[in-house]
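[1] Structure, please.
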Amino acid sequence: MTDTTLEQDDKGPGLNTVVGASAAGTAFEWYDFFIFGSLATIIARHFYADVGEATAYILALLTFGVGFVVRPLGALAFGWFGDRTGRKTTFLVTITLMGVATVAIGLLPDYSQAGILAPILLILMRIIQGFALGGEYGGAAIYVAEHAPPKKRGLLTSYINTTAALGLIGALVVILTTRMIVGTEAFDEWGWRIPFWLSALLLGISLWIRVRLHESPAFVKMAAESKVRQAPFKESFLTWKNGRFVLIALVGIMFAQGAVWYCGYFYTRFFMERVLKVEVATVDMVILAITVASAFLYVFFGWLSDRVGRKPVMIGGMALFLVALFPGFHALTQAANPALAEAQVSAPVTVIADPATCAVQFDPVGKTAFASSCDLAKNVLSNAGVSYENLAAEPGSLAAVRIGTVEIASVEGTGLDAAGLKTARTDVETRVKAALAEAGYPTVADPERINLPAVFAILMIFMVAATAVYGPQAAALVELFPTRVRYTAMSLPYNIGTGWVGGLLPAASFALVAWSGNIYFGLWYSVAFTAVAAVVAFFFLPETKGRDLHTIGD
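    Predicted coordinates:
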């Protein structure tokens, strides 16, 4: 089959239609996935109304995380289905499941109407969403790759990779527009449902576009030659021929994609909001700007990989990320909250305490008391987003916080009743915060001192790294596996990398910060996964540019 036949097949739609339909449908699914995360605060109030504001927000984020956890299960199910029945049928099923579940979230009764049934139904819808998304990317990427001419495969499949950015842009734009039209009060009360309802229209359009597509030529050729296997799981994962490439894809490509992309888009947002205390509206504006500005980079790096190879482009992105990460985050502090950077230099903070009395300042369910003198001191600093060092004191001694040359004694809260512990915590918090303010530590970032062009430039460096890894990724994954197991074999590592390595990155990085007291220590999570990926890719990942997808591995 020639490139011309692929591009102008009289029996099916043209190549532009194939790419456009696949990308549009995948962007719609990412839109569905992101609107939940963007509305987590409002959803928390409606579905977890009886557990307190802080815990409700945590539960809403955990509900969002469920969608990431189940993605590998969706990859296995739809990968098997796609290798047995075809690419087109499979991603028609995934997009329908995603759309129906998203619309259903907008129709669910909240806690005041249905009690405990409300969050149960919400979690169920998130499970369906994540399950469907687990099968979407693989189907869309493979469908485009199996239509594309070999010399344009990186370029054309890169349009699928831009859909995550486009979905995020669409989610933010719809939410901001709806809030502006109905007003903030009405939006918080009922208007938050509108972005979910809009998915019904988008689903109809996406299905109409995708129904017009035909099966991919590689799958048709395989089916005609009776090469559809009855055990895609066994051949993908339990044979060394393909199983080693599943491992290489997971560790050498997807570890980096999960770490680099999710750090660039999501952990930077968390860092600016929680640690640097930048106003949420400003953070939203910056994230939207870099998302728009970086959208074309996926296509550029996909195009570049068609010329120089998938491997050098992706490893180059990993190397840039590793070199830029720590300096970039330090520079981000200087640009977004210079007062905090100045205070960290002029008045460094140290907690002096018996290590045996100190707990990790990370509480995902909001129930830990943190009663010891060390815990009370660290809890104040952790909540304030202040970086500190630890200095061991004599066993049994009372903890203290040193801010520059000023030392503030903590209070021992172990054994106190609830009222007494609250009083002790308030006392420590009041004195420590006063000393922090005196030393120049800001409670919020001063909007007048934020260097927005510098913040944008720093984040764009991370975006260049992320898009260099992500742009050629679809073509590289597709080209690693034979047609008969391609959907199954590539979908699992992709969804483990994005769903687990990437999806758990914000929580894991924050836990590292809480454990160490260093606001930059959480970056080691991304560094570790990216460094391992770079080594594995350099030594074990084959260059796949230009491979014939109709014959590979057959």
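[2] Now for the closest residue to A533 other than its chain neighbours, which secondary structure element holds it?
    Among residues not flanking A533 along the chain, A256 sits closest, at 3.6 Å (C-beta to C-beta, 6 or more residues apart in numbering). Yep, even glycine has a C-beta here, placed from its N, CA and C like the rest. Element membership for A256 (DSSP states H and E) is helix 255-262.
[3] again with A24
    Per DSSP H and E: helix 15-38 holds A24.
[4] Now do that helix: distance to the chain's middle.
    In terms of C-alpha atoms, centre = their mean, to the nearest Å, the gap separating the centre of helix 15-38 from the centre of its chain is 16 Å.
[5] what does stretch 409-420 give?
    Relative to its parent chain, stretch 409-420 has a centroid offset of 39 Å by C-alpha atoms, centre = their mean.
[6] so what does whichever helix or strand comes after the helix holding A256 touch, helix or strand wise?
    Per DSSP H and E, the first helix or strand lying C-terminal to helix 255-262 is helix 268-270. In terms of contacts (3 or more C-beta pairs under 8 Å, 6 or more residues apart in numbering; DSSP states H and E), helix 268-270 is packed against helix 280-308, helix 505-516.
[7] how big is the angle separating the first one from helix 15-38?
    In terms of direction (axes from the mean of the first three to the mean of the last three C-alpha atoms, to 10 degrees), helix 280-308 departs from helix 15-38 by 150 degrees.
[8] For helix 280-308, the averaged confidence score.
    Predicted confidence along helix 280-308 averages 90 (mean pLDDT).
[9] Likewise for the shortest one?
    For helix 505-516, mean pLDDT rounds to 81.
[10] who are the neighbours of it, in terms of helices and strands?
    If you count contacts as 3+ C-beta pairs under 8 Å, 6+ apart, helix 505-516 packs onto helix 255-262, helix 268-270, helix 523-540.
[11] Most tightly packed of those helices?
    Ranked by mean neighbour count, those are led by helix 255-262 with a mean of 28 (mean count of other C-beta atoms under 10 Å).
[12] Contacts for that helix next, please.
    For helix 255-262, the external contacting residues (C-beta atoms under 8 Å, 6 or more residues apart in numbering) are 164, 314, 317-318, 321, 462, 465-466, 469-470, 473, 497-498, 500-503, 505-506, 525-530, 532-534, 536-537.
[13] Minimum distance to T350: which of the helices and strands packed on helix 268-270 has it?
    Closest approach to T350 among the helices and strands packed on helix 268-270 is made by helix 505-516 (13.1 Å; C-beta to C-beta).
[14] okay, that closest one in CSV with CA atoms only?
    Only the C-alpha atoms of helix 505-516 are listed here, as CSV (Å, rounded to 0.1, in the frame of the first residue of the first chain):
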residue,chain,number,x,y,z
LEU,A,505,2.7,13.4,41.1
PRO,A,506,1.1,16.4,42.9
ALA,A,507,0.2,14.4,46.1
ALA,A,508,3.6,12.5,46.2
SER,A,509,5.6,15.7,45.6
PHE,A,510,3.7,17.5,48.4
ALA,A,511,4.3,14.5,50.7
LEU,A,512,8.1,14.8,50.0
VAL,A,513,7.9,18.6,50.8
ALA,A,514,6.1,17.9,54.0
TRP,A,515,8.5,15.2,55.0
SER,A,516,11.6,17.3,54.4
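[15] Next, the angle helix 15-38 makes with the following helix or strand past the helix holding A24.
    Once helix 15-38 ends, the next helix or strand along the chain (criterion: DSSP H and E) is helix 40-47. Interaxial angle, helix 40-47 versus helix 15-38 (the same axes, to 10 degrees): 60 degrees.
[16] What helices and strands are in contact with helix 40-47?
    helix 53-69, helix 117-147, helix 184-189.
[17] Which positions within that helix qualify as buried?
    Neighbour counts using 16 or more other C-beta atoms under 10 Å place A40, I42, I43, A44, R45, H46, F47 of helix 40-47 among the buried residues.
[18] Output the helices and strands packed on helix 268-270 as CSV; include the columns mean neighbour count and distance to L452.
    Formatted as CSV, the helices and strands packed on helix 268-270 follow (neighbours: other C-beta atoms under 10 Å; distance: least, C-beta to C-beta, whole Å):
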stretch, mean neighbour count, distance to L452
helix 280-308, 18, 7
helix 505-516, 19, 23
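[19] okay, the ones you listed in TSV with distance to F270 next?
    Output for these, formatted as TSV (distance: least, C-beta to C-beta, whole Å):
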stretch	distance to F270
helix 280-308	9
helix 505-516	5
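[20] out of those, nearest to I403?
    Closest of these to I403 is helix 505-516, at 18.2 Å (criterion: C-beta to C-beta).
[21] what's next to that closest one, contact-wise?
    Residues from elsewhere that reach helix 505-516 (C-beta under 8 Å, 6+ apart): 65, 258-259, 262-263, 266-267, 270, 274-275, 360-362, 364, 382, 519-526.
[22] Show me how far that helix is from its chain's centre.
    15 Å.
[23] How about L155: what's its closest non-neighbour residue?
    Counting by C-beta to C-beta, 6+ apart, the residue nearest L155 is W303, at 4.4 Å.
[24] And the strand or helix carrying E342, what does it pack against?
    In this assignment (DSSP H and E), E342 forms part of helix 338-346. For helix 338-346, the elements it packs on are helix 310-336, judged by 3+ C-beta pairs under 8 Å, 6+ apart.
[25] can you pull the alpha-carbon coordinates of stretch 120-129 into PDB?
    The C-alpha coordinates for stretch 120-129 follow below in PDB (Å, rounded to 0.1, in the frame of the first residue of the first chain):
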ATOM      1  CA  ILE A 120     -21.200   7.200  45.600                       C
ATOM      2  CA  LEU A 121     -22.800   8.100  42.200                       C
ATOM      3  CA  LEU A 122     -20.200  10.800  41.600                       C
ATOM      4  CA  ILE A 123     -17.300   8.300  42.200                       C
ATOM      5  CA  LEU A 124     -19.000   5.800  39.900                       C
ATOM      6  CA  MET A 125     -19.100   8.400  37.100                       C
ATOM      7  CA  ARG A 126     -15.400   9.200  37.600                       C
ATOM      8  CA  ILE A 127     -14.600   5.500  37.400                       C
ATOM      9  CA  ILE A 128     -16.400   5.300  34.100                       C
ATOM     10  CA  GLN A 129     -14.700   8.400  32.800                       C
END
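[26] Show me which positions of that stretch end up buried.
    For stretch 120-129, the neighbour count (16+ other C-beta under 10 Å) marks L121, L122, I123, M125, R126, I127, I128, Q129 as buried.
[27] dump the residue contacts of the third one.
    With contact set as C-beta under 8 Å, 6+ apart, I123 has these partners: T63, V66.
[28] In the chain, which residue is most central in space?
    Central residue of the chain (C-alpha atoms, centre = their mean): Y262, 4.1 Å from the mean position.
[29] Next, work out how far apart that residue and Y487 are.
    Counting by C-beta to C-beta, to the nearest Å, the separation of Y262 from Y487 is 24 Å.
[30] And for Q344?
    Distance from Q344 to Y487, by C-beta to C-beta: 50 Å.
[31] And Y520, by the same measure?
    40 Å.
[32] and I403, backbone torsions?
    Dihedral pair for I403: phi -120, psi 100, per degrees, to the nearest 10.
[33] and I496, what element?
    Taking DSSP H and E as the definition, I496 sits inside helix 486-496.
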